[in-house]
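A.B. asks: Show me how the following folds:
(2 chains)
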Amino acid sequence: MDFTIQDDLAAHREQAREWFEANFEQAWADDQYHTGSHQTMELHKRMAEQGLLGAGWPKEYGGSDVDPDFVRAVYREYVNADIRMDAWMTTVMVLHTILALGTEEQKQYFVGGAMRGEILIALGYSEPESGSDVAAAKTKATRDGDEWVIDGQKMFTSTAEKCSHVIVLARTDPDLPKHKGLTMFLVPTDVPGFEVQPIHTLGNQRTNTTYYSGVRIPDTLRLAGVNEGWSVIRTALVYERGVGMPYKPIRVGEHLAEWAQSTTRPDGTRPFDDQQVAERLGRMATESEVARLLASRLDWMVARDMVPSVEGSMSKMFRSETDQRHYRDALDVLGAEGLLAPGAPGAPRHGTFEFGFRAAVVETIYGGASEIMREMIAEGRLKLPRNRGK
Amino acid sequence: MDLDFTEDQVALREMVEDFVEKESSVDVVRAAEPLGFSPTVWRKVVDMGLATITVAEDLGGGGAGFLDLALAVEHFGRTLTPVPLIEAAVANHTLATFASPAGKLLEDAIAGDALVTLAVRPAVDGVATIVPGGAVADAVIALDGDDLVVVRQSTISPSSPAEAIPNLGALPIADREVRDGERIVLARGPEAVAAHRRAVGQWEALTANALVGAGQRALEIGLDYVMERKAFGVLIGTFQTIQHRFADDVTALDGARLLAYEAAWALDAGQDNAGELATMAFLYAGEAAFKTAAESLQFHGGYGYTLEYDIQLYFRRAKAWVLVAGDPKAGYADLGRRFYGPKGA
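C.D. replies: Modelled structure (predicted):
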């Protein structure tokens, strides 16, 4: 047993830092904060030109010689600078799925195009009346010769405003059982009948509703077989882990402790010397470590060729709920100053506590709500009878 | 991170698992109340070498690490085995680091002729209060002011325990004088305070592992119950409120186990933050174990309130093992200052 914290990317840190410094503009971070659109196209173009997007992908589909670990180290720099690449993250998930299930023509077109920075793909799974219950999708696709006609509405199609395509889960046979009548399509965002409407969120993030009114696409944009959409989703979920951003440690306690040690109250004492503040900090330090360990366990399992299942649910649920709880506690400790948002004069840490509190709300909802995680843990680990319907 | 056990660790776990299953059934645990000590089981634990497993081989110990002991202790916790193994192992380890002043007492401890325990809270006015294992130990290691002392009291031993003090966890606790009797000063001043802090860290890391074992068993008892008890015509284990609370509990216990292993590993690896990890593991495992035991008891309905059902044994101990060290909230506050404050402050 060994708990030494390994920095697998240590060899690339310095070079990654240099790349970041040559390719970072504060305006991008500011723009992401103000517009809530979590993909910066100028940066994306540079990453494509310099082969970062193609790192680790097959040469025949446009892969580059750039070391994927170097790119991971670069991602880490951008995470630290509050720059997100959400559209690229969803694109990577879909590209893996295309490589696994797509036609040769699709691999050339989508993977090749994505490596050049020309293709970005948003996820079109959720609908107004279905979220966690993905297979309840009602958007329908009807065959018409060599084409399909798509009608419906998708919710939370984040980054669609920047994407060339949306991967749309559609019902192709309403008479089959719910999981069996679904098919997946790669719908271009420049076709007639496609429309994007922004949705604004508590965490400033901009997401979208996307509308499909008689959208016509060729059969060549169908991914995998007709009525095999559910198996595509299952394949995509396998790739959801391991390709995204690295584990993001919970740092609320650390930031609150810095504030508590550098702030003096009117009576001359520091919050850090307050027993109740110190108790919360001790708890934050502990729970952050537990969250890190539950996430590290997944990496260990993957390295050992084991397939994490409930362990992933545990990590996701624990990290997200802990992060939310820490932000709530941090605002309480800050007291009235906890109200102050980014831009407010004198806001602690430039209002990042207040912003973090709002932004953390979505963590227990997207990517499988905490309630679904509990169902999976109860069924998969505790062997309790499955409760949710089919 | 690497979570694999070594072959030796796998063998040790199996040996201990077999031992506690055979020697520490729930009947044995119940029979040992209210004192909370079985001299028969203790003799066998000593003969297995578990109480001196971390003592260097050239001193007659097992030469193993705290992680090895932690794996054993997890099974002791799981079965609530009524012996003060953690206290004795930490006390023996501490004596071995002060082998010269400890002298004959160390020899007796290693030979299994003396049970030494640890007062985890400093003595006040020459008395260490509510010392775990204090009712059965020949000697107690305590921090008395700026002195780390070990005090042997001829009237108490495993074969002639003090009268049981009624307590929540049926623990063999006692108040012990640390200025009377055969008193040896092991260390003085900052060295003494640091050595006591190290011993407490070892105790915390090991107790965390015992709590994880107890919490895990409390969960299993609860799962068995909800899968056989029906209400409104269905198994209560089908109810979401029960499923989701147990899902939270098993997640917290998994996290606590990882943290408890990490804390024991950090002691062996000499990590700078070993003391902080030990406190984290102790407090977190205590919460996870108690919450699990309390919910498991709750899901038993009225039967959970009875002494007949075993869940109450776990409910009481999960709370009691933590209280031995004092108020957990004060523990978190102290941890917060140690973890985030200037190092060495």
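A.B. asks: C-alpha only now, for contacts and for neighbours.
C.D. replies: Will do.
A.B. asks: the strands in chain B, which residues?
C.D. replies: B:116-118, B:127-131, B:139-144, B:147-152, B:174-177, B:182-188, B:230-231, B:234-235 (DSSP state E).
A.B. asks: CSV please, covering the ones you listed and showing distance to residue A:327 and mean neighbour count.
C.D. replies: What follows is those, written out as CSV (distance: least, Cα to Cα, whole Å; neighbours: other Cα atoms under 10 Å in any protein chain shown):
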stretch, distance to residue A:327, mean neighbour count
strand B:116-118, 39, 30
strand B:127-131, 38, 22
strand B:139-144, 39, 28
strand B:147-152, 42, 24
strand B:174-177, 43, 20
strand B:182-188, 44, 18
strand B:230-231, 39, 12
strand B:234-235, 38, 14
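A.B. asks: right, so of those strands, which gets closest to residue A:95?
C.D. replies: Closest of the strands of chain B to residue A:95 is strand B:234-235, at 44.5 Å (criterion: Cα to Cα).
A.B. asks: And the closest one, how far out from the chain middle?
C.D. replies: Put simply, strand B:234-235 sits 37 Å off its chain's centre (Cα atoms, centre = their mean, to the nearest Å).
A.B. asks: Over to stretch B:265-272?
C.D. replies: Offset of stretch B:265-272 from its chain centre (Cα atoms, centre = their mean): 19 Å.
A.B. asks: what does that stretch contact?
C.D. replies: A:1, A:2, A:3, B:65, B:66, B:67, B:202, B:273, B:274, B:275, B:277 (Cα atoms under 8 Å, 6 or more residues apart in numbering or on different chains).
A.B. asks: got the contact list for the third one?
C.D. replies: To tie it back to what came earlier, the one meant is residue A:3. B:1, B:2, B:262, B:265, B:266.
A.B. asks: contacting residues for residue 12?
C.D. replies: Just going to use chain A. Residue A:12 makes contacts with A:69, A:70, A:73, as judged by Cα under 8 Å, 6+ apart.
A.B. asks: oops, chain B please
C.D. replies: Per Cα under 8 Å, 6+ apart, neighbours of residue B:12: B:68, B:71, B:72.
A.B. asks: mind listing which of those residues are in helices?
C.D. replies: Here DSSP state H is the test, and the contacts of residue B:12 give B:68, B:71, B:72 as lying in helices.
A.B. asks: For residue B:53, what are phi and psi?
C.D. replies: Backbone torsions of residue B:53, given as degrees, to the nearest 10, read phi -60, psi -30.
A.B. asks: what about it, how many neighbours?
C.D. replies: Residues lying near residue B:53 (other Cα atoms under 10 Å in any protein chain shown) number 23.
A.B. asks: Which pLDDT value goes with it?
C.D. replies: Residue-level confidence at residue B:53 comes out at 98, pLDDT.
A.B. asks: quick one, what contacts it?
C.D. replies: Going by Cα under 8 Å, 6+ apart, residue B:53 touches B:61, B:62, B:63, B:64, B:65, B:69, B:89.
A.B. asks: How about it, nearest residue that isn't a chain neighbour?
C.D. replies: In space, and not counting its chain neighbours, residue B:53 is closest to residue B:62: 4.1 Å by Cα to Cα, 6 or more residues apart in numbering or on different chains.
A.B. asks: Show me what the longest strand anywhere in chain A is packed against.
C.D. replies: Ranked by residue count under DSSP E, the longest strand found in chain A is strand A:206-218. Judged by 3 or more Cα pairs under 8 Å, 6 or more residues apart in numbering or on different chains; DSSP states H and E, strand A:206-218 is in contact with strand A:147-155, strand A:194-200.
A.B. asks: Keeping just the C-alphas, turn the last one into PDB.
C.D. replies: Same thing as strand A:194-200. Taking Å, rounded to 0.1, in the frame of the first residue of the first chain, the C-alpha atoms of strand A:194-200 are listed here in PDB:
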ATOM      1  CA  PHE A 194     -32.100  24.100 -35.900                       C
ATOM      2  CA  GLU A 195     -32.300  26.900 -33.300                       C
ATOM      3  CA  VAL A 196     -30.300  27.700 -30.100                       C
ATOM      4  CA  GLN A 197     -31.800  29.700 -27.200                       C
ATOM      5  CA  PRO A 198     -29.600  30.600 -24.300                       C
ATOM      6  CA  ILE A 199     -30.400  29.600 -20.700                       C
ATOM      7  CA  HIS A 200     -28.700  31.500 -18.000                       C
END
